[in-house]
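> below are the sequence and a predicted model for it; my questions follow.
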Protein chains: 2
Amino acid sequence: MAATRMLPHPDAHDVHLTDVLFALSDPARLDLVRLIAQDGPQTVAQCQGLEPGTPKSTLSHHLKTLREAGVVRNVPSGRQRTISLRRDDLDGRFPGLLDAVLGTAGDADLADSGRGQQS
Amino acid sequence: MAATRMLPHPDAHDVHLTDVLFALSDPARLDLVRLIAQDGPQTVAQCQGLEPGTPKSTLSHHLKTLREAGVVRNVPSGRQRTISLRRDDLDGRFPGLLDAVLGTAGDADLADSGRGQQS
DNA sequence: AGATTAGTTCCAAGAAAGTCGAACTGTGAT
DNA sequence: ATCACAGTTCGACTTTCTTGGAACTAATCT
């Protein structure tokens, strides 16, 4: 069984919006996507750098969620893996979505644009 | 105690991207948002029409999630309530996000744009 | 071959969400 | 006042997610 190597990825047209939104709705995963979007493909070890204390299994789980949702591609390269953003696929299927999500600075702030109106 | 009337809404600058994404990541809630975006403000009873069998409490729960995330506004009008999309607030905070999400037909398909390529 | 490294998978426990009936509250009509 | 109506809230149950340790697998290095 030489198989744990190549992980399954959903075909582009099988990527569901709700799954993508869910995958991106977790702060840790959103940060991962931001990292990959900015700095390009990363190894898992490099992803670790985002939140140093996180156990490997937890990180791997988040990457799995992103991969199964079709957000990220996970490809073996040497004895490590390269995590890359499936930007073309996502843009093709949900135009503008990724840009809108990534366009937001860090979620926390970017406020201060003035008004503090409420209902 | 005259209070269960006016429900709490997050202030525009207190709306978090991850909460919005999460709120939209559920098929039922996404359908609700699509309905309101297309047909304008709706009463809860009108929202019921989307999935007729759904109990009131379940629908109310979804509306609560959307409201607390800042996606929807829930305002009493007579003895019913008007559910409306907080489009301005969302566009202000996450430009392009709502359009990208709503731009997608029905999630299920809209594929067929050709290629069936995979990794 | 054996040891190291890079990650995934397995499993269990705790936390959070979804679902829905029943009770509750405010509003309008009789 | 009383009754019906439109929705929300409460409480219990079930399911799914998250988290992290331990075991596992594949690839490289010596």
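Structure received. Residues are numbered from 1 along each chain as shown, chains lettered A, B, ... in the order given.
> distance of residue A:88 from chain B?
Distance of residue A:88 to chain B, computed by Cβ to the nearest Cβ, to the nearest Å: 10 Å. Every residue, glycine included, has its C-beta placed from N, CA and C.
> again with residue A:66
Applying Cβ to the nearest Cβ, the value for residue A:66 to chain B is 13 Å.
> give me every residue that touches the closest residue to that residue other than its chain neighbours.
Sequence neighbours aside, residue A:72 is the residue nearest to residue A:66 in space, at 4.2 Å (criterion: Cβ to Cβ, 6 or more residues apart in numbering or on different chains). Contact analysis of residue A:72 by Cβ atoms under 8 Å, 6 or more residues apart in numbering or on different chains lists A:32-33, A:36, A:63, A:66, A:83-86.
> of these, closest to chain B?
The nearest member of the contacts of residue A:72 to chain B, counting by Cβ to the nearest Cβ, is residue A:86 at 8.9 Å.
> let me know whether that closest one touches residue A:73 as I believe.
Yes: using Cβ atoms under 8 Å, residue A:86 makes contact with residue A:73 at a distance of 5.4 Å.
> who has more neighbours out of these two?
residue A:86 (23 against 20; other Cβ atoms under 10 Å in any protein chain shown).
> mind listing what that one touches?
Applying Cβ under 8 Å, 6+ apart, the residues near residue A:86 are A:12, A:70-73.
> now residue A:10
A:68-70 are the contacts of residue A:10 under Cβ under 8 Å, 6+ apart.
> and it, which of the three is it?
Here residue A:10 is coil, with the state taken from DSSP: H, G, I helix; E, B strand; the rest coil.
> pLDDT score assigned to the residue nearest to the spatial centre of chain A?
Central residue of chain A (Cα atoms, centre = their mean): residue A:33, 3.3 Å from the mean position. Per-residue confidence at residue A:33 stands at 98 (pLDDT).
> quick check: mean pLDDT of the strand or helix carrying residue A:18?
Assigned by DSSP states H and E, residue A:18 falls within helix A:17-24. What helix A:17-24 shows for mean pLDDT is 98.
> may I see the buried residues of the strand or helix carrying residue A:63?
Element membership for residue A:63, per DSSP H and E: helix A:56-69. Across helix A:56-69, burial judged by 16 or more other Cβ atoms under 10 Å in any protein chain shown covers A:59, A:62-63, A:65-69.
> elements contacting that helix?
Here helix A:56-69 touches helix A:17-24, helix A:27-39, helix A:44-48, strand A:72-77, going by 3 or more Cβ pairs under 8 Å, 6 or more residues apart in numbering or on different chains; DSSP states H and E.
> please redo it, this time with the cut-off set to 10 Å
Using 3 or more Cβ pairs under 10 Å, 6 or more residues apart in numbering or on different chains; DSSP states H and E, the elements in contact with helix A:56-69 are helix A:17-24, helix A:27-39, helix A:44-48, strand A:72-77, strand A:80-85.
> direction included, what does the fourth one pair against?
Strands flanking strand A:72-77 in the sheet, each with its direction: strand A:80-85 (antiparallel) (DSSP bridges).
> report the backbone C-alpha coordinates of the strand it pairs with in CSV.
Coordinates of each C-alpha in strand A:80-85 appear next as CSV, following Å, rounded to 0.1, in the frame of the first residue of the first chain:
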residue,chain,number,x,y,z
GLN,A,80,7.5,17.3,2.9
ARG,A,81,4.3,18.7,1.4
THR,A,82,3.5,21.8,-0.4
ILE,A,83,0.3,23.6,0.6
SER,A,84,-0.9,25.9,-2.1
LEU,A,85,-4.0,28.0,-2.7
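> quickly check: that strand near DNA strand D or not.
No: Strand A:80-85 stays clear of DNA strand D (Cβ under 7 Å from any atom of the strand), getting no nearer than 8.5 Å.
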